[in-house]
Each structure stands twice: as structure tokens, then as C-alpha cells.
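Build me a model:
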Amino acid sequence: MIQHSTYIVFDGDDEAYFNWMEQHPEGFVLNVFRSSIVGPHVVHRSNCGHIRRGPGMDAGAFTTRTQYKVAAFTVDQLETWRNYYQPDAAIKYCQTCNPA
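Here you go, the predicted model:
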């Protein structure tokens with residue numbers, strides 16, 4: 001976990017990621033794929049079912065294998081992270097939880 005004043009990066013630590021989501025149901029999460037081949041990064045509300053633990057999901061399924069998470073209190077903070085660290089990466093907004 002890398003903590004900055006406006007965001008937290010969860011890379012290789014599903015439990016810390018799940019704990020943050022439980023403590024910050026009003027927060028936002030950027031689902032960052034390790035390879036741009038997979039598709040664009042996706043912004044979700046922290047209570048979105050697409051980024052939460054479910055049946056059949058084993059350890060590392062959320063922050064270790066193909067993706068990691070960047071969490072923040074506003075969508076703007078996530079966009080600022082993306083603009084600084086991955087300015088060429090595409091970003092979209094979850095159509096289920098509508099974070100925009």
C-alpha cells in the first residue's frame with residue numbers, strides 16, 4: 001500500500017483494500033489494469049459490486065494478478081493520479097454504480 005495525501009494505491013494487498021472500502025463507503029476506486037491490452041482503467045464507487053469480494057474470489061484476485069487499485073475520496077483525485085502516472089491510459093466510468 002502506498003499512501004499519498006489524496007489517494008492510496010493498493011498493490012498486492014487485498015485485505016487492506018477491502019478494509020479501506022469498508023471504512024470509506026463514500027469513496028471511489030480506480031481499477032488499474034497492469035497491461036493496457038486488457039482495456040481502459042475503470043472508476044467505481046467503493047460500494048460497487050464489480051470491485052468487491054464475492055464467492056469464488058481467492059486471495060490476490062483484486063490487487064495482485066492483473067490489476068491493482070487506486071482509492072480516493074473524489075473522482076477528481078483519481079483522474080489527477082492517472083494524469084500524473086499514466087497520462088496516456090484510457091479511463092471510463094462504471095455503468096453500474098455511475099461514479100461520474
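
sec struct for the spatially closest residue to N47 that is not a sequence neighbour, please.
In space, and not counting its chain neighbours, N47 is closest to P25: 5.1 Å by C-beta to C-beta, 6 or more residues apart in numbering. Yep, even glycine has a C-beta here, placed from its N, CA and C like the rest. Under DSSP: H, G, I helix; E, B strand; the rest coil, the three-state class of P25 is coil.

low-scoring stretches of the protein, by residue?
36, 54-57, 59 (pLDDT under 70).

show me where it has helices.
Using DSSP state H, the helices of the chain run over residues 14-23, 75-85.

Go through the ones you listed and name the closest to K69.
helix 14-23 (5.5 Å; C-beta to C-beta).

those strands in the protein, which residues are they?
With DSSP state E as the criterion, the chain has strands at 2-3, 7-10, 28-33, 41-45, 67-72, 91-93.

Just checking: what are the partner strands of the fourth one?
Right, the one you point to is strand 41-45. Strand pairing for strand 41-45, using DSSP bridges, gives strand 28-33 (antiparallel), strand 91-93 (parallel).
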